[in-house]
Structure formats: structure tokens, C-alpha cells
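Student: kindly generate the corresponding structure for this input.
(one chain, ligands or ions: 3)
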Amino acid sequence: MDLKEKAIASLKKHASGDAFSRLPAALPKASVLIPLLLRHGKLHALLTVRSVNLKHHAGEVCFPGGKSESGDTDETHTALREAEEEIGLPSHTVQVICKLFPVLNKAGLLITPVVAFIESSFTPRPNADEVSEVFTLPLEFFTKEADHSCYPVPSVFGPTHSFMYTDPRTGHIHQIWGLTAALAVTVAALALGKKPEFELGFDLDDPASAFRDVLNRRLSKL
Ligand SMILES: Nc1ncnc2c1ncn2[C@@H]1O[C@H](COP(=O)(O)O)[C@@H](OP(=O)(O)O)[C@H]1O
Ligand SMILES: CCC(=O)SCCNC(=O)CCNC(=O)[C@H](O)C(C)(C)COP(=O)(O)O
Ligand SMILES: [Mg+2]
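Tutor: Ligands and ions are numbered 1, 2, ... in the order given. Got it, this is the predicted structure:
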């Protein structure tokens, strides 16, 4: 099996499918698309920098995504629609692999990550109202200790991973932390089948249990 086939097989083992479909329907929902691609024989992930003019998470690094709208048929539809709106990614060119376990953020938004492969030749067309920059980086970056730290963020999370990535193409230094870092670390570990050099915080063979525990604890506080 080649790198891409291995990653797909490994990610599919952790597909959440409809396991979370019985959560309270009233919870506001959002999806993020975690776009993977092959570049120079390695798996890469695509990330965006949010416009500084947005009301929420201004200037932060995140995956393409956003809130569910009434016309969306499911979480995957939301992720694909948002990616098309934000970076001009044509939905029909995307190979969706699976949905992973959803995460409840501080604002009570239930966020479903959708992992997908996109074409290596994709050229982003960022919508400047929402996205100021798009970049890709090797997925294995999220398994290395070199540019990683882990620290508590008072009243927001438990410990959060944080990475400082210097994009060799632009020289820009991007901080990737919080939800986005947690998702990137998870997808890197699953897709590459590799434990990071730092403490992962969940069992690589059964990540769903840890995510389900966190979700249940959060739901019980609503
Ligand atoms: N054309 C546009 N100009 C400015 N802001 C926009 C916009 N389209 C969407 N937004 C805002 O960008 C944020 C992210 O949208 P989305 O969920 O579609 O990704 C939302 O704000 P809030 O985060 O304040 O709700 C939304 O209102
Ligand atoms: C969830 C809170 C954090 O993790 S803040 C730390 C760094 N920032 C991020 O990881 C961005 C998190 N936010 C998002 O990905 C999006 O705001 C969203 C998917 C929750 C909702 O999308 P929208 O585009 O409508 O803001
Ligand atoms: Mg968005």
C-alpha cells in the first residue's frame, strides 16, 4: 500500500459514522474540513489564517469550516460548502475519507471534523472577508517536539498543544493551537500511524473513548 492508501485505511478505522447522531438536536453545529494532500512524496495538511476582521477567532490559524446552515444535508456538506466558500475548493474534487468524533467548544458549538484528500495541484482562492492566508505543511510536523509546547489556558481548556510553524515559502511564522492543534495532532497520529514525540493524551488504538469522555463531561455541564 502507498502512503495515501495507508493513511485512508488507518483513518477509516476511526470513522465516527453515525455514532454521535443522537446528541441533542438543539446544539448549534459546525464542521471543519481537514484537507490532506500529497506533496513531495509526503502527506501535508492545509490550514488557513482567519481574517483579522472576523468577530470570532480573528487572525487565528484554523481549518476551513464554519457553522451549519439550514440547507446543509449533513456535517460533511457543511464542511465542503464552507471550504468552497472560504478557499474556493471545488467540492467535486474532494475525496472525503471520514468524519471523526465531534468536539464541543466553549461556546457550546458541536464541531465535527471531516477528513478528506484534496488534489495536490489545488490552488486556493481565499475569500478575503474570512481568510487572509492559506498554507500547507507536512503532517509529520504535528508529531515532532521541536516546535511544540503544551500549556494550560486558564478558563478555556485543559492543556493545549501549541506549535510554531515557519512557512519556508513566505517566511511567516504561524502559531497553531487550541482546537486546530488538537485536531491536527490527532489526524497526524492516526494517518501516519505514529505516536508523537510528546504526550498524546489518548490511546492511539482507541482515541474515540477519550473524545467521548470529554464530550460527555462537557454535555453534562450544559
Ligand atoms: N462576506 C462576509 N463578510 C464578512 N464576514 C462574513 C462574511 N461571510 C461570513 N462572515 C462571517 O464570518 C464568520 C465565519 O462564518 P462561517 O461560519 O460561514 O465560516 C461568521 O461570523 P461569526 O463568527 O461572528 O458568526 C460570519 O458571519
Ligand atoms: C475552539 C476554541 C479554540 O480552540 S481557540 C484556539 C485557536 N483557534 C482555533 O483553533 C480556531 C477554532 N475555531 C474554528 O475552527 C472556527 O471558529 C469554528 C469551526 C469553531 C466555527 O467556524 P466559524 O468560521 O464560523 O468561526
Ligand atoms: Mg469559517
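Student: give me the element the residue in the chain that ligand 1 sits nearest to is part of.
Tutor: In the chain, the residue that lies nearest ligand 1 is G66 (2.3 Å; Cβ to the nearest ligand atom). In this view, the C-beta of every residue, glycine as well, is placed from N, C-alpha and C. Assigned by DSSP states H and E, G66 falls within strand 65-67.
Student: quick one: strands adjacent to that strand?
Tutor: strand 29-39 (antiparallel) (DSSP bridges).
Student: and ligand 1, is the partner strand touching that?
Tutor: No. Applying Cβ under 6 Å from any ligand atom, one finds strand 29-39 separated from ligand 1 by no less than 6.6 Å.
Student: what angle sits between the following helix or strand past that strand and strand 29-39?
Tutor: Proceeding N to C from strand 29-39, the next assigned helix or strand is strand 42-50, under DSSP H and E. Strand 42-50 and strand 29-39 are oriented at 140 degrees to each other (axes from the mean of the first three to the mean of the last three Cα atoms, to 10 degrees).
Student: name the residues of the strand holding G66 that are buried.
Tutor: G65, G66 (16 or more other Cβ atoms under 10 Å).
Student: now that strand: mean pLDDT?
Tutor: What strand 65-67 shows for mean pLDDT is 98.
Student: what segments of the chain are strands?
Tutor: 29-39, 42-50, 61-62, 65-67, 95-99, 103-104, 110-117, 131-138, 148-152, 159-166, 173-177 (DSSP state E).
Student: keeping just the C-alphas, turn the longest one into CSV.
Tutor: Read it as strand 29-39. Only the C-alpha atoms of strand 29-39 are listed here, as CSV (Å, rounded to 0.1, in the frame of the first residue of the first chain):
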residue,chain,number,x,y,z
LYS,A,29,-23.4,22.7,14.9
ALA,A,30,-20.3,23.5,12.8
SER,A,31,-17.9,21.4,10.7
VAL,A,32,-14.2,21.7,9.8
LEU,A,33,-12.6,20.2,6.7
ILE,A,34,-9.2,18.7,7.4
PRO,A,35,-7.7,18.7,3.9
LEU,A,36,-4.8,16.3,3.3
LEU,A,37,-2.7,16.2,0.1
LEU,A,38,0.4,14.6,-1.2
ARG,A,39,3.4,16.9,-1.8
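Student: and the residue of the chain closest to ligand 1, how far from E133?
Tutor: Using Cβ to Cβ, to the nearest Å, we find G66 at a distance of 17 Å from E133.
Student: try C150
Tutor: From C150 to E133 the distance is 25 Å (Cβ to Cβ).
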